[in-house]
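*Asks:* I need the structure of the sequence given here:
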Amino acid sequence: MSKVWFITGASRGFGRSFAEAALGRGDRVAATARTVGTLDDLAAKYGDAVLPLALEVTDRAGVRQAVSAAHERFGRLDIVVNNAGYGQFGAVEEVSEQQLRDQFETNVFGVFHVTQAVLALSSRSCRELTSSAL
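*Replies:* Okay, the predicted model is just below:
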């Protein structure tokens, strides 16, 4: 039986690799990215098996909306990959407090928002939660 994935940060890197691997084996994927157009090629290649969604993980209402859209489209969510995130590069004294707070909002609270939204809808069906952004 095919699985249904919800993947944040699916436009590139690990998120993209997870999405391509899942779709390649016949699974269905709700692929999210800040800029949904970066997912157009996946939609063109895999058709109805992929649901491209615009998502900024720091926007709690937007997260709930994206998770609901995925659940509505596929009927369940089996695997969640919290991949959206980024790093700060440079010396600690060169990073502003606001830069660090913004990173924390994405890398920590983004994971929290997605996980909470998924479990609210899919606590009985979701079997795997993965976070590669932390």
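*Asks:* okay, strands next: where are they in the protein?
*Replies:* 4-7, 28-33, 50-54, 79-82, 128-131 (DSSP state E).
*Asks:* the residue nearest to residue 12 when sequence neighbours are not counted: neighbouring residues, count only.
*Replies:* Computed as Cβ to Cβ, 6 or more residues apart in numbering, the closest residue to residue 12 that is not its neighbour in sequence is residue 38, at 7.4 Å. The way it works is simple: take the backbone N, C-alpha and C, and place the C-beta from them, glycine included. When neighbours are counted by other Cβ atoms under 10 Å, residue 38 registers 16.
*Asks:* flag the shaky bits of this protein, pLDDT-wise.
*Replies:* Across the chain, residues meeting the criterion (pLDDT under 70) sit at 122-134.
*Asks:* just checking, what packs against the lengthiest helix in it?
*Replies:* In the chain, ranked by residue count with DSSP state H as the criterion, the top helix is helix 60-74. Helix 60-74 sits against strand 4-7, strand 28-33, strand 50-54, helix 110-122, with contacts defined as 3 or more Cβ pairs under 8 Å, 6 or more residues apart in numbering; DSSP states H and E.
*Asks:* can you list contacts of it?
*Replies:* Outside of helix 60-74, the residues within contact range by Cβ atoms under 8 Å, 6 or more residues apart in numbering are 4, 6, 28, 30, 32, 51, 53-57, 77, 110, 113-114, 117-118, 120-122.
*Asks:* give the buried subset of these as a ChimeraX selection command.
*Replies:* Selection of buried members from the contacts of helix 60-74 for ChimeraX, criterion 16 or more other Cβ atoms under 10 Å:
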select :4,6,28,30,32,51,53,55,56,57,77,110,113,114,117,118,121,122
